[in-house]
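**Q** When you get a sec, could you give me coordinates for this:
(chains A and B)
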Amino acid sequence: MSEPSIFFSEVNERQGVFNRRAFLMGGLAGGGILALGGRLAQLQVLEFDRYRLMSTENQFNFRLIPPPRGRILDRFGVELASNRPNFRVLLVRDEINDIDATLDALSQLIPITPERRRQLLREISRSPKLVPVAVAEDLTWEEFSRVNVRTPELPGVTADMGEARVYPHGGAFAHVVGYVAKVSDRDVEAAGLNPDPLLHHPGFRIGKQGVEKALDAVLRGKSGAVKTEVDALGREVRKDPEGDIKPVAGKTVVLSLDADVQSRALEVLGEDSGACVVIDVQSGDLICMASAPSFDANQFVRGLTSAEYRALSEYERRPLLDKALSGTYPPGSTFKPMTALAALDSGMVNPNETVVCSGQMWFGNRFFHCWKRGGHGAQNMHEAIKNSCDIYFYQTALKIGPDRIARVAEAFGLGQTFDIGISGQKPGLVPSTAWKRKQYHQPWYPGESLSFGIGQGALSANALQLAVMTARLANGHKALNPRLIKSIGGVETPSGAAAADLPFRPEHMELVRSGMAAVANDTTGTAYRASQLGLGPVLMAGKTGTAQVRVISRAERASGVRSNDSLPWHLRDHALFVAFAPYDAPRYALSIIVQHGGGGAAVAAPKAREIMRVVLLKDAAIRARIESPLPMPEAPVSATGEVEGEAPPPPSDAMMPAAAATVSGGPTP
Amino acid sequence: MTASAITRPGERDRLIVKLAQIDWTFTLVLCLIAATGAAMLYSISGLSWEPWAAKHLIRFGLCLALMIVLATVDVRIWFISAYPVYGFGLLLLIAVEVMGDVSLGAQRWLDLGVVRLQPSEIMKIGLVLALARFYHGLSAEAAKFSWRLVVPVVLIALPTLLVAHQPDLGTAVLLAATGGAVMVLAGLSLRVVVALAVTVAAAIPPFVMFVLHDYQRNRILTFLNPEADPSGSGYHILQSKIALGSGGLLGKGYGLGSQSQLNFLPEKHTDFIFATLAEEFGFVGCISVLLLYAAAITIALRIASISHSHFGRLGAAGVTATFALYVMINGAMVMGLAPVVGVPMPLLSFGGTVMLTVMIGFGLVQSVRVHRYSEITSGRGTLL
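**A** Here you go, the predicted model:
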């Protein structure tokens, strides 16, 4: 320092203070920078993973690609449920500043009614911010492309080509195949803590009934995603095809049903309320499971208006109810084969022993009537089944007691549900002394046995159970189980034929079966006229049932029982029929219930014949048998030509020789 | 050039000698920071010189030339012009208050027809100069604690209140903190410093709740809990933290920062450029730049301490304090440690006014170094 610059006495003190303070400030600045460095280390080194994830979430937009829903086919590959392209316009609220302006712009391109607009605004305000809302669905190609071209000017709007479920057969499979519909809050809740993101996708439909519901997880498939890079305004910067996740299509489900049979069954049932089940007696495959009246499942896919829903739910014949599974009815006389088998099995009844039917019998303190005024006269078991004689079965039931009948009924599938893969089965009820004690704390009154013996009283069953019962009887040895779902994704499900043998003697079952053959083929059988298939040597065996739903008073009985036609619909009898064919080598069993339809022989049996004809004609082996020329008889028989066509007018004997020729131990007159 | 050469009379006034006395290491550090800024601006505009990078470099070049020119200006001229500059700045602030241009809800700019002037920037230099000028004539005893300190307090308070009223809270805080730093450097009793610090800390919560504008209060509340409204007022801080954190140790690579390239980062070219740097170059890049800033601050303080005049010491140190405060406040803001106030990262951020202020300030620092032996005789504890 060559130039001393001391002008003030304290100058060195000032410099000293400054230097100390400058050092302090430098230290503070250094400390500050060190703190910044520490914070950087925390963010960039320690919390790197967290922020990297957030950055990726910012940068990339994973757009969900819903998988195509698995198709549902019938046994021959006919589509029962499939998908069709659906052009729609989606809107994401988060990306829109002015929803009104956007909707105004959209309504220039596609029709949006003021009502729809109000509904949309409600929907938009309710849905989560990032979840797209469908503005319009099922657009035409022109409307779709008009919006598609303009999407760059309409942020938050996308034109999207999705798929919608379609049921080509409309109502024929509405109950068994079911339908898909919009996801409800309850569906989301049911999905648990980590719901499939698909549930929030607009246009996604979830299975609500039948196979669609039961196999929803299998049919749904796995969603894919398109990875796109987006900027802060959500605009797509570029696609990243390598980041795409391909959707996995839902599996194809093949049912054992036959679309032709099912459609025919619905046609035959018409406006009547009822159900029809057809089952293969060898494999247990369900060929038909129809419930009428039905509804158009496609309506549910697009969503019902409240008026449409009210119309369906308030209709007296209850189209929404699956009557094949959920409707339980007293089986009436169709149950008599069970009573007969129980009697044979007990060893207490000789089938050749006769009971005299005078049309009524006094028991307890009242009369029990036979359906035939004046009675059938002396009846053995075969005749009692053929004529459906009530008095015979009253007596028989009284003799053997309810528990023996219940045991047989349960062995044949009544009072239980089957694992056919869909829910909604009601087990019905098979009464017994134990049940009575448990339910009512009362002993079984012998009077109840009378009703039980003819399939009334507390006994109830659904159409599926009656079909299984008939199939097991027709089959003659196996307690086969019904199967509805034939295969899932090409993997065959176990057949219903793998089942234990029935604990009854074949000759007893043969006796009962021959009674049923007589019902349909003996000219005096209850359903003779209605049961002629007109298929040559292929014959049907069956049993009619008319289940009473009201009490007939003594006064009415005296003045004449009112006919069904004069009663209000809900008081009419249920008409039932169970059948199997061909009688000589059973392949198919059928049950039909026409709710409040009237008499089993008059109403149910003709419908059963129509349905059974379609079933038999679709079976190649049986068709070959029908079409093969009759073997030349040793002695000329005059009536062979008359087998074709409708049932011959009674009392022709033309059918009987043919039946007798093929049926071993045929009916005794 | 030997040490004996510059001791010759008149030798120091030669331009070439003056240029040689400029601290070129310091200049190089400043150039490196500005070049890093230009590189980042080039990256975020999609590897393009437009619209920011080229402008940034040109501006820096002009400012650098200005700094060198100012470095050759005798420190005595700085001394003489101290109060006039302060007075001019104050007049402009009052002018803005009366007839300023309201932009973005704040009266900050004075439209002079040709240039839009931000008087608060002139005040950053003017305040440091005026305080240094005042303390130059004050004894160490008086600087510690005396009635004379009313003068610096008024010198600080006037521009601070005017700027706060504009309202520009960031600059007001910066002015007050700079003034406070100069007072402390000049020797204010540490007991008084501690007492003041406690008082200010106690006064902040009521000040925030009752005096601030709504948007200012929201910024502070947001800072305290940014996750409360991630798409609203917390967006800036959250996105900045994502940019920083996702950079990791080595960064995503030059030109590959998704946060800044895809516009998730707000103000990516100005206040949040450090976050862009952090995203693309990671922890290593950030620490390197922070070390450059630390080097600049250290060199400037060293220059201040070798000055023979008290004016030179306090002037250089005051400018350094402003610079350091810029770095601290911006760094803390970008890292989510301070509320979002409009304070850029000096020389790194795009923006001419702040760059001009900083480089004029460093012109003073360089001048103090070049003229470190100069004697300033006048102004013993008086205003003139």
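
**Q** if I pick residue A:622, what's in contact with it?
**A** A:535, A:538, A:582, A:587, A:616 (Cβ atoms under 8 Å, 6 or more residues apart in numbering or on different chains). From N, CA and C alone the C-beta is placed, and that goes for glycine too.

**Q** hey, C-alpha coordinates of the strand or helix carrying it in CSV?
**A** Here residue A:622, judged by DSSP states H and E, is contained in helix A:620-627. Below are the C-alpha coordinates for helix A:620-627, written out as CSV (Å, rounded to 0.1, in the frame of the first residue of the first chain):
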residue,chain,number,x,y,z
ALA,A,620,-79.6,-85.6,-38.0
ALA,A,621,-79.8,-89.2,-36.7
ILE,A,622,-83.5,-88.8,-36.0
ARG,A,623,-84.1,-87.1,-39.3
ALA,A,624,-82.5,-90.0,-41.1
ARG,A,625,-84.7,-92.4,-39.2
ILE,A,626,-87.8,-90.4,-40.1
GLU,A,627,-86.8,-90.2,-43.8
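
**Q** So which of the contacts of residue A:622 sit within helices?
**A** residue A:616 (DSSP state H).

**Q** and chain B, which of the contacts of residue A:622 contact it?
**A** Filtering these for proximity to chain B by Cβ under 8 Å from any Cβ of the partner chain leaves nothing.

**Q** interface residues of the stretch 1-150 of chain B facing chain A?
**A** Counting by Cβ under 8 Å from any Cβ, the stretch 1-150 of chain B sits next to chain A at B:7, B:139, B:140, B:141, B:143.

**Q** returning to that earlier point: mind putting the contacts of residue A:622 in JSON lines, neighbour count and pLDDT included?
**A** JSON lines is the format used below for those (neighbours: other Cβ atoms under 10 Å in any protein chain shown; pLDDT from 0 to 100):
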{"residue": "A:535", "neighbour count": "21", "pLDDT": "86"}
{"residue": "A:538", "neighbour count": "23", "pLDDT": "90"}
{"residue": "A:582", "neighbour count": "23", "pLDDT": "91"}
{"residue": "A:587", "neighbour count": "20", "pLDDT": "94"}
{"residue": "A:616", "neighbour count": "21", "pLDDT": "93"}
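
**Q** Could you list the low-confidence segments of chain A?
**A** Low-confidence segments of chain A, defined by pLDDT under 70: A:1-11, A:94-95, A:128-131, A:193, A:233-236, A:240, A:243, A:633-669.

**Q** Just the closest residue of it to chain B, please.
**A** Taking Cβ to the nearest Cβ as the measure, chain A has residue A:51 as its residue closest to chain B, at 2.5 Å.

**Q** Could I get the average pLDDT for stretch B:42-49?
**A** On average, the pLDDT along stretch B:42-49 is 88.

**Q** Other residues contacting that stretch?
**A** Outside stretch B:42-49, the residues that touch it by Cβ under 8 Å, 6+ apart are B:51-53, B:254-255, B:257, B:260-261, B:268-269, B:273, B:276, B:280.

**Q** Repeat the analysis, applying 10 Å as the threshold.
**A** B:38, B:41, B:50-57, B:253-257, B:260-261, B:263, B:265, B:268-269, B:272-273, B:276-277, B:279-281, B:350 (Cβ atoms under 10 Å, 6 or more residues apart in numbering or on different chains).

**Q** Among these, name the buried ones.
**A** Buried members of these, scored by 16 or more other Cβ atoms under 10 Å in any protein chain shown, are B:38, B:41, B:52-53, B:56-57, B:257, B:260-261, B:265, B:268-269, B:272-273, B:276-277, B:279-281, B:350.

**Q** Let me know the secondary structure of residue B:197.
**A** helix (DSSP: H, G, I helix; E, B strand; the rest coil).

**Q** Contacts only, for it.
**A** Counting by Cβ under 10 Å, 6+ apart, residue B:197 makes contact with residue B:180.

**Q** if I look at it, how far off is chain A?
**A** Distance, residue B:197 to chain A, by Cβ to the nearest Cβ, to the nearest Å: 13 Å.

**Q** how is chain A carved up into domains?
**A** For chain A, the structural domains run A:71-222+A:242-255, A:259-292+A:322-486+A:493-628+A:641-662, going by automatic domain parsing.

**Q** looking at these, which is buried most?
**A** Stretch with highest mean neighbour count among those: domain A:259-292+A:322-486+A:493-628+A:641-662 (a mean of 21; mean count of other Cβ atoms under 10 Å in any protein chain shown).

**Q** Off-centre distance for that one?
**A** Centroid separation for domain A:259-292+A:322-486+A:493-628+A:641-662 versus its chain: 23 Å, with Cα atoms, centre = their mean, to the nearest Å.

**Q** Over to stretch A:214-229?
**A** 24 Å.

**Q** Pull out the CA atoms of it and give them to me as PDB.
**A** What follows is stretch A:214-229, C-alpha atoms only, in PDB (Å, rounded to 0.1, in the frame of the first residue of the first chain):
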ATOM      1  CA  ALA A 214     -72.600 -64.600 -14.800                       C
ATOM      2  CA  LEU A 215     -69.700 -64.700 -17.300                       C
ATOM      3  CA  ASP A 216     -69.100 -60.900 -17.400                       C
ATOM      4  CA  ALA A 217     -65.500 -61.200 -16.400                       C
ATOM      5  CA  VAL A 218     -64.800 -63.800 -19.100                       C
ATOM      6  CA  LEU A 219     -66.700 -61.900 -21.800                       C
ATOM      7  CA  ARG A 220     -65.300 -58.500 -20.900                       C
ATOM      8  CA  GLY A 221     -61.700 -59.200 -21.800                       C
ATOM      9  CA  LYS A 222     -58.800 -56.900 -20.900                       C
ATOM     10  CA  SER A 223     -58.700 -53.200 -21.900                       C
ATOM     11  CA  GLY A 224     -55.800 -51.900 -23.800                       C
ATOM     12  CA  ALA A 225     -54.400 -48.400 -24.000                       C
ATOM     13  CA  VAL A 226     -53.000 -46.000 -26.500                       C
ATOM     14  CA  LYS A 227     -50.000 -44.000 -25.200                       C
ATOM     15  CA  THR A 228     -49.900 -40.500 -26.500                       C
ATOM     16  CA  GLU A 229     -47.600 -37.600 -25.600                       C
END
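
**Q** next one: phi and psi at the nearest residue in space to residue A:605 that is not next to it in sequence?
**A** With sequence-adjacent residues excluded and distances taken as Cβ to Cβ, 6 or more residues apart in numbering or on different chains, residue A:605 is closest to residue A:530, at 3.6 Å. For residue A:530, the backbone dihedrals (degrees, to the nearest 10) come out as phi -80, psi -10.
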